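Engineer: Task: produce atomic coordinates for the following.
(chains A and B)
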Amino acid sequence: MAGRAILGLRLEVRDLAAERGGRLLFAGLSFTLAAGEALGVTGPNGAGKSTLLRIVAGLLPATEGTLALDPPDAGDEDAPVRERAHYLGHADALKGAMTAVENLGFAAAVTGRPAVSPTEALRRFGLSHVEDLPCAYLSAGQRRRVALARLLVAQRPLWLLDEPTTALDAASQAVFGAMMGEHLASGGLIVAATHAPLGLDPLQSLTLGAA
Amino acid sequence: MIHGLAAVFWRDLLLARRIGAGGATGVVFFLCLVTVVPFAVGPDLNLLARIGPAILWIAALLASLLGLDRLFGSDSEDGTLDLLRASPAPLELVVAVKCLAHWCATGLPLVLVSPLFGLMLALDGPTLGGVALTLLVGTPALTALGAIGAALTVSLRRGGLLLSVIVMPLTIPVLIFGVSAAVAASGGTVPFGLPFMVLCGLTLLCVAGAPFAAAAALRLTVE
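Structural biologist: Next comes the predicted model:
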């Protein structure tokens, strides 16, 4: 990860509980993640993995509990976790009518703190040859790679990844694995919900039960 | 933050141009409505001239409802809304910027062509000017009110019809004062300034309040 190292960050989650449609998914969930650590969230379908990630990303309210990312951001002390995390969900957040470079440029501008240029980020994923093609013409795996390249174009310390390797081929999984390794080495944090092994070390794991 | 908001504005204009859901379609729909009315009421020029401002306003209202379901709908479906919510810019400002871009792409072209289409309804000069001016002031209110409906129906796949049902009643005050100001522009017992100022006030109210309402609705409905 280019840019300055992120020092001594800690993600603290205390007694988190979540409900979806009146059904309790999990309760009393606590974990602490220090700089350079990754957390793999596993569990059967419907156990609340995506919900947990969306709560940490600030996109859903938690029924109970607190979460904090300390110390606060140096530039903006009041920045909530939402503004310091990359959330990568099932949807790729790409516009079919815009090219890969335009999509990434937009993401970088909206997210703030541009890091790697869109062209360079796409080159790392081996997508240079399609960077000026509208995303509607890309395959599912290529779209996924463009979405993953978004993690590089703006610098945020916490990565929240929901099934990040869906539709990726083996080569891209290796590139992505190396990318996550660099992010952790520079002091970043990763929380990933996944069925496939991420191949990260050190990796904490959290298993959500079927509700 | 300003950089991010500018990016949202230009992206929405770019998408409106590339997907073709923007100005041109709305203008053609506007033209269709204005053309159909003389066929329905008959070739009575005096009657057409009398109801012309109302026809233009109703046509503009319907045309501005056209693309509203895509205002937040496409961003919600493809996950871009999550990206926008993670932006340092407050969601209210993002909503306001998206409304501005939507108005530039769909509302402004209607205002620009309204004097031309008014000629087809036998309107005289002052009334043409009055219609264009009131539409210029009034269509931002239509977009702002529409944004509330668009945000409320964002999670529905086929929310377009429901959106129109929600938004139409809210636009009645704007319609009343817009048409009465446009009619007053050609003389009459009511001075032009009176309904026009009320219309300006309504627009300011809608433009100031709608981003908050729409952002609150987006936070609630997108789960």
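
Engineer: contacts and neighbour counts: CA atoms only from here.
Structural biologist: OK.

Engineer: and residue 184, what does it touch?
Structural biologist: The chain I'm using is chain A. A:Ala35, A:Gly36, A:Glu37, A:Ala38, A:Ile190 (C-alpha atoms under 8 Å, 6 or more residues apart in numbering or on different chains).

Engineer: My question was about chain B, not that one.
Structural biologist: B:Thr127, B:Gly130, B:Val190, B:Pro191, B:Phe192.

Engineer: returning to that earlier point: would you format the contacts of A:Leu184 as TSV with secondary structure included?
Structural biologist: Shown next, in TSV, are these (DSSP: H, G, I helix; E, B strand; the rest coil):
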residue	secondary structure
A:Ala35	coil
A:Gly36	coil
A:Glu37	coil
A:Ala38	strand
A:Ile190	strand
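
Engineer: Can you report phi and psi for the residue lying closest to B:Arg18 once chain neighbours are set aside?
Structural biologist: Spatial nearest neighbour of B:Arg18, chain neighbours left out: A:Ala97 (6.6 Å); criterion: C-alpha to C-alpha, 6 or more residues apart in numbering or on different chains. Here is the backbone geometry of A:Ala97 (degrees, to the nearest 10): phi -90, psi -10.

Engineer: Next: the one 4 residues further on.
Structural biologist: For A:Val101, the backbone dihedrals are phi -60, psi -40 (criterion: degrees, to the nearest 10).

Engineer: A:Ala121 is in contact with that one, correct?
Structural biologist: No. Using C-alpha atoms under 8 Å as the test, A:Val101 is too far from A:Ala121 to be in contact (9.4 Å).

Engineer: Out of the contacts of B:Ala184, flag the one nearest to chain A.
Structural biologist: Among the contacts of B:Ala184, B:Gly130 lies closest to chain A (C-alpha to the nearest C-alpha), at 38.2 Å.

Engineer: wait, what's in contact with the closest one?
Structural biologist: Per C-alpha under 8 Å, 6+ apart, neighbours of B:Gly130: B:Ala181, B:Ala182, B:Val183, B:Ala184, B:Ala185, B:Ser186.

Engineer: Now do it against B:Leu205, distance only.
Structural biologist: Counting by C-alpha to C-alpha, to the nearest Å, the separation of B:Gly130 from B:Leu205 is 21 Å.

Engineer: and if you look at A:Glu64?
Structural biologist: Separation of A:Glu64 from B:Leu205 (C-alpha to C-alpha): 37 Å.

Engineer: again, but for B:Ala122
Structural biologist: For B:Ala122 relative to B:Leu205 (C-alpha to C-alpha), the value is 33 Å.

Engineer: In terms of neighbours, single out the busier of those two.
Structural biologist: B:Ala122 (18 against 13; other C-alpha atoms under 10 Å in any protein chain shown).

Engineer: Could you find the closest non-adjacent residue to that one?
Structural biologist: Distance criterion C-alpha to C-alpha, 6+ apart; nearest residue to B:Ala122, sequence neighbours excluded, is B:Ala49 at 5.2 Å.

Engineer: Looks to me like that neighbour is in a helix.
Structural biologist: Yes. Assigned with three-state DSSP, B:Ala49 falls within a helix.

Engineer: So which residues of the chain form helices?
Structural biologist: Let's take chain A. A:49-56, A:100-111, A:118-124, A:140-153, A:170-185 (DSSP state H).

Engineer: ah, I was thinking of chain B
Structural biologist: With helices called from DSSP H, chain B shows them at B:2-19, B:23-41, B:45-65, B:69-77, B:80-85, B:91-102, B:108-119, B:125-152, B:160-170, B:172-184, B:193-221.

Engineer: just the ones you listed: most buried one?
Structural biologist: helix B:125-152 (a mean of 25; mean count of other C-alpha atoms under 10 Å in any protein chain shown).

Engineer: Quick check: residues of chain A near chain B?
Structural biologist: A:59-60, A:79, A:82-83, A:85-87, A:89, A:91-95, A:97-98, A:106-107, A:109-112 (C-alpha under 8 Å from any C-alpha of the partner chain).

Engineer: Just the buried ones out of those residues, please.
Structural biologist: By neighbour count, with 16 or more other C-alpha atoms under 10 Å in any protein chain shown, the residues of chain A next to chain B hold A:59-60, A:82-83, A:85-87, A:89, A:91-95, A:97-98, A:106-107, A:109-112 as buried.

Engineer: So which of those belong to strands?
Structural biologist: Secondary structure from DSSP state E places A:Ala85, A:His86, A:Tyr87 of those in strands.

Engineer: can you put these in JSON lines and add pLDDT and distance to B:Gly26?
Structural biologist: Below are these laid out as JSON lines (pLDDT from 0 to 100; distance: C-alpha to C-alpha, whole Å):
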{"residue": "A:Ala85", "pLDDT": "88", "distance to B:Gly26": "39"}
{"residue": "A:His86", "pLDDT": "89", "distance to B:Gly26": "37"}
{"residue": "A:Tyr87", "pLDDT": "90", "distance to B:Gly26": "35"}
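
Engineer: Within range of chain A, give me the residues from chain B.
Structural biologist: Counting by C-alpha under 8 Å from any C-alpha, chain B sits next to chain A at B:1, B:3-5, B:7-8, B:11, B:15, B:18-19, B:75, B:77-88, B:223.

Engineer: Looking at per-residue confidence, what score does A:Pro202 get?
Structural biologist: pLDDT for A:Pro202: 64.

Engineer: Sorry, slip of the keys, the one I care about is B:Leu83.
Structural biologist: pLDDT for B:Leu83: 88.

Engineer: Report the contact partners of it.
Structural biologist: A:Tyr87, A:Ala93, A:Ala107, A:Val110, A:Thr111.

Engineer: Please name the nearest non-neighbouring residue to the fourth one.
Structural biologist: If I follow you right, that is A:Val110. Among residues not flanking A:Val110 along the chain, B:Gly4 sits closest, at 4.1 Å (C-alpha to C-alpha, 6+ apart).

Engineer: if we can go back for a sec, which one among the ones in strands among the buried ones among the residues of chain A next to chain B gets closest to B:Thr153?
Structural biologist: Closest approach between those and B:Thr153, by C-alpha to C-alpha: A:Tyr87, at 23.9 Å.

Engineer: which ones are touching that closest one?
Structural biologist: A:Leu53, A:Arg54, A:Ala57, A:Trp159, A:Leu160, A:Leu161, A:Asp162, B:Asp82, B:Leu83.

Engineer: change it to 6 Å
Structural biologist: By C-alpha atoms under 6 Å, 6 or more residues apart in numbering or on different chains, the residues touching A:Tyr87 are A:Leu160.
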